[in-house]
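*Asks:* output the structure for:
(one chain, ligands or ions: 1)
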Amino acid sequence: MKDNQSAVLYEQACKVMPGGVNSPVRAFGSVGRTPLFISRAKGSKIYDEDNNEFVDYVCSWGPAILGHAREEVIDVVTKAARDGLTYGAPTKREVQLAELIAEIMPSMEMLRLVSSGTEAVMSAIRAARGYTGKDMIIKFRGCYHGHSDGLLVKAGSAALTQSQPDSAGVPKAYSENTLIAEFNHKESVEELFEKYKGKIAGIVVEPVAANMGVVLPQENFLHFLREITLENDALLIFDEVITGFRLSIGGAQAYYGIKPDLTTLGKIVGGGMPIGAYGGRKDIMEMISPLGPVYQAGTLSGNPVATAAGLKTLEILKANPQYYSEMKEKAEYLANTFREYGTHSGEAVHVNQVGSLLSAFFTEKQVTDFESANSSDTKKYAVYFNRLLEQGIYVAPSQYEAMFVSAAHSWEEVKRTAEIIKGKL
Ligand code: PMP
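*Replies:* Numbers count the residues shown, from 1 in each chain. The predicted structure is shown next:
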């Protein structure tokens, strides 16, 4: 595989951008190579500046659930762009998008559009604090909720691969209201509620953790979180930036049958353009300015081009419920392939999969929490990553990210991917 153009661009990029990238995981740091610069993408495929073609299982880290550059989405985006890129004023389309989100996720009785997942979670937490009058928030070790100050504590995603679960530059005072519990460990949550009685505004959780690799909630864990928050007058915030419209159209809350007080969305909701959203119970959302005292705003919030992409994407997903069973079957096939590969090669591999999300961890342990995820052999992951890349399969350049199956992946591609995973091609 030639990557001359990427190498040249990387050298240029490093002079003007930290690490040559605009988001750390893109730097390919943990897989021992320099990043590929992408020039275009269509359907399940992406192409780099050297014109190498890859089957893409990163899918822009989630948004590209329909595959890249789906015609109907591109059409509405093009039309919207011609009508003006931004007005900083209300539009009909943002009302339509908000109504559709609320219809698909009925727990979001009222919501607000923002421009990223980070903003969505940051704002939801402000709303929770404003509503409850309490300051403390529980998050789980290894979960990632964007890069706002108070949430970069024991964070997952690239913060994990760069061995920086806690960021420099975050004043202690900003993070001392962030309490850390262990995913799937009920007692760690109980202990915090006991110790900080009456001070906890809420729990924020990825209902399926997908930023320490994919880690499923064990039976009743999410129900337990629902109960303990109710018992303690605290709010339950589901961060569905990854799981929203992916685990099922109604997200993890529909999949597991739990009603959170607040939900945060990103990625798919913008159909590839920058949108985030947060919302939930009306009485909580009525705290948001201009109705209430919790301030939150944005010049580009509800951007007309982005809302066109998001609305069309959600409409297509709603009209095609079969996508969910098809994506799940393909993800299951890949998960079983990894398991077979583990058995035959003698390599210790543990696979977690739910819906179209999966992760193969290079560890002997069952992966159920941060500690077991972190027992993975990242050097082995790097070897596996490079082997796949050389054969035209693009997976996340990090052990601690999900593999995303989209509606555009064909069975033929999935089966070829499986042969490559097994080392047969
Ligand atoms: N929450 C979760 C669960 C995420 O996975 C991410 C991003 N991967 C975020 C929040 C932050 O979203 P963004 O990168 O759009 O700011």
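
*Asks:* count of neighbours near the residue in the stretch 201-350 of the chain positioned nearest to the ligand?
*Replies:* Nearest residue of the stretch 201-350 of the chain to the ligand, counting by Cβ to the nearest ligand atom: residue 241, 3.6 Å away. Bear in mind the C-beta positions are built from the backbone N, C-alpha and C, glycine included. Neighbours of residue 241 under the rule other Cβ atoms under 10 Å: 29.

*Asks:* now do it against residue 227, distance only.
*Replies:* The gap separating residue 241 from residue 227 is 24 Å, by Cβ to Cβ, to the nearest Å.

*Asks:* same question, residue 218
*Replies:* Between residue 218 and residue 227 the distance, using Cβ to Cβ, works out to 15 Å.

*Asks:* for residue 118, list the residues it contacts.
*Replies:* Under the criterion of Cβ atoms under 8 Å, 6 or more residues apart in numbering, the neighbours of residue 118 are 145, 146, 147, 148, 276.

*Asks:* ok, the residue of the stretch 101-250 of the chain found nearest the ligand - contacts?
*Replies:* Closest contact between the stretch 101-250 of the chain and the ligand, by Cβ to the nearest ligand atom, is at residue 117 (2.2 Å). By Cβ under 8 Å, 6+ apart, residue 117 lies in contact with 145, 146, 239, 241, 264, 265, 266, 267, 276.

*Asks:* give the contact list for the nearest residue to it once chain neighbours are set aside.
*Replies:* Spatially, and ignoring its direct neighbours in sequence, residue 117 is nearest to residue 266 (2.9 Å; Cβ to Cβ, 6 or more residues apart in numbering). Applying Cβ under 8 Å, 6+ apart, we find residue 266 in contact with 116, 117, 120, 241, 244, 275, 276, 277.

*Asks:* go ahead and confirm the first one touches residue 276.
*Replies:* Think residue 116. Yes - counting by Cβ atoms under 8 Å, residue 276 is a contact partner of residue 116 at 4.9 Å.

*Asks:* neighbour count: the two, which is higher?
*Replies:* Neighbours were counted for residue 116 and for residue 276 using other Cβ under 10 Å; residue 276 has more, 27 against 18.

*Asks:* would you agree residue 40 falls within a helix?
*Replies:* No - according to DSSP: H, G, I helix; E, B strand; the rest coil, residue 40 belongs to no helix; its state is strand.

*Asks:* what sits opposite it in the beta ladder?
*Replies:* Residue 40 has the following beta-bridge partners by DSSP bridges: residue 47.

*Asks:* give me every residue in the protein lying close to the ligand.
*Replies:* Counting by Cβ under 6 Å from any ligand atom, the residues of the chain close to the ligand are 61, 116-118, 121, 144-146, 157, 206, 211, 239, 241-242, 266, 276.

*Asks:* isn't residue 2 up against residue 49?
*Replies:* No - if you go by Cβ under 8 Å, residue 2 and residue 49 don't touch, sitting 10.2 Å apart.

*Asks:* count the residues that sit near residue 135.
*Replies:* For residue 135, the number of neighbouring residues by other Cβ under 10 Å comes to 14.

*Asks:* list the contacts for it?
*Replies:* Neighbours of residue 135 in contact, by Cβ under 8 Å, 6+ apart: 129, 177, 199, 201.

*Asks:* still on that earlier bit, which residues touch the residue of the stretch 201-350 of the chain closest to the ligand?
*Replies:* Contacts of residue 241 by Cβ under 8 Å, 6+ apart are 62, 117, 120, 121, 145, 146, 206, 264, 265, 266, 267, 276.

*Asks:* I'd like the distance between residue 34 and residue 401.
*Replies:* Counting by Cβ to Cβ - residue 34 and residue 401 are separated by 18 Å.

*Asks:* the two: which is more packed in?
*Replies:* Higher neighbour count among residue 34 and residue 401: residue 401, with 26 against 17, using other Cβ under 10 Å.

*Asks:* show the contacting residues for the more buried one.
*Replies:* Here residue 401 is in contact with 25, 58, 61, 157, 210, 211, 213, 359 (criterion: Cβ under 8 Å, 6+ apart).

*Asks:* distance between stretch 390-398 and the chain's centre?
*Replies:* 18 Å (Cα atoms, centre = their mean, to the nearest Å).

*Asks:* now the element after the lowest-mean-pLDDT helix or strand in the chain, going C-ward?
*Replies:* Ranking every helix and strand in the chain by mean pLDDT, DSSP states H and E puts helix 158-161 at the bottom, with a mean of 65. Where DSSP states H and E defines the elements, the next helix or strand beyond helix 158-161 is helix 172-175.

*Asks:* for that next one, what is the average pLDDT?
*Replies:* Averaged across helix 172-175, the pLDDT comes to 88.

*Asks:* buried residues, it. List them.
*Replies:* Buried residues in helix 172-175, counted by 16 or more other Cβ atoms under 10 Å: residue 175.

*Asks:* what about it, distance to the chain center?
*Replies:* Distance of helix 172-175 from its chain centroid, counting by Cα atoms, centre = their mean, is 25 Å.

*Asks:* that one: what's the following helix or strand?
*Replies:* strand 178-181.

*Asks:* need the next SSE after that following strand, C-terminal direction.
*Replies:* helix 186-195.
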